[in-house]
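1. Requesting a structural model of the entry that follows:
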Amino acid sequence: MNNYRELKIWQKSMELVEKTYALTLLFPRDEKYGLISQVQRSAISVPSNISEGAGRNSNKEFRNFLGIANGSLNELSTQLELAKRIGYLEEHQVKEVFDTIVEIQKMNFTLIKKFSIE
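-> Okay, the predicted model is just below:
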């Protein structure tokens, strides 16, 4: 269906993963198997679901995977908010990532609409 590497949403979500991994370096080491792992998995899930959906046979399937990616964005946002609230991160450290999440969500909703019409 789509060459996912050419999709701007996939490219932007890969940047999100890189930014997220950089943030998790600021977490305490004892969170390695806790919140760090959860945050990283949520971030990785976004481009992974976009690429998987792009490789499916129908627009309906692609939309479904875009929906899953959006759920992962919400999950990531919640986990980073928690990290901020418990003192692992400060607002200035997560602002860029939160802004990127919102940008990807807007792109995602646009794509979902596009593939709902076709």
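2. By mean pLDDT, point me to the weakest helix or strand of the chain.
-> Every helix and strand in the chain was compared by mean pLDDT, DSSP states H and E; the lowest is helix 91-117, with a mean of 94.
3. What residues sit buried inside that one?
-> The neighbour-count check on helix 91-117 (16 or more other C-beta atoms under 10 Å) flags 94, 97, 100-101, 104-105, 107-108, 111-112, 115 as buried. All C-beta atoms are positioned from the backbone trio N, CA, C, and that covers glycine.
4. cool, stretch 49-63 as well?
-> Neighbour-count burial for stretch 49-63 flags 49-54, 59, 61-63 (criterion: 16+ other C-beta under 10 Å).
5. Just the CA atoms of it, as CSV, please.
-> Output of stretch 49-63 as CSV, limited to C-alpha atoms (Å, rounded to 0.1, in the frame of the first residue of the first chain):
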residue,chain,number,x,y,z
ASN,A,49,2.2,0.4,14.0
ILE,A,50,2.4,3.0,11.2
SER,A,51,4.8,0.8,9.2
GLU,A,52,2.8,-2.3,9.9
GLY,A,53,-0.4,-0.7,8.9
ALA,A,54,1.1,0.7,5.7
GLY,A,55,2.0,-2.8,4.7
ARG,A,56,-1.5,-4.1,5.0
ASN,A,57,-3.9,-4.8,2.2
SER,A,58,-6.6,-2.3,2.8
ASN,A,59,-7.2,1.3,3.9
LYS,A,60,-9.4,-0.1,6.7
GLU,A,61,-6.5,-2.1,8.1
PHE,A,62,-4.2,0.9,7.8
ARG,A,63,-6.7,3.0,9.7
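6. Regarding stretch 22-41, how distant is the last residue from the first?
-> End-to-end distance of stretch 22-41 (C-alpha to C-alpha, to the nearest Å): 14 Å.
7. so how far is Gly87 from Pro28?
-> With distances taken as C-beta to C-beta, to the nearest Å, Pro28 is found 10 Å from Gly87.
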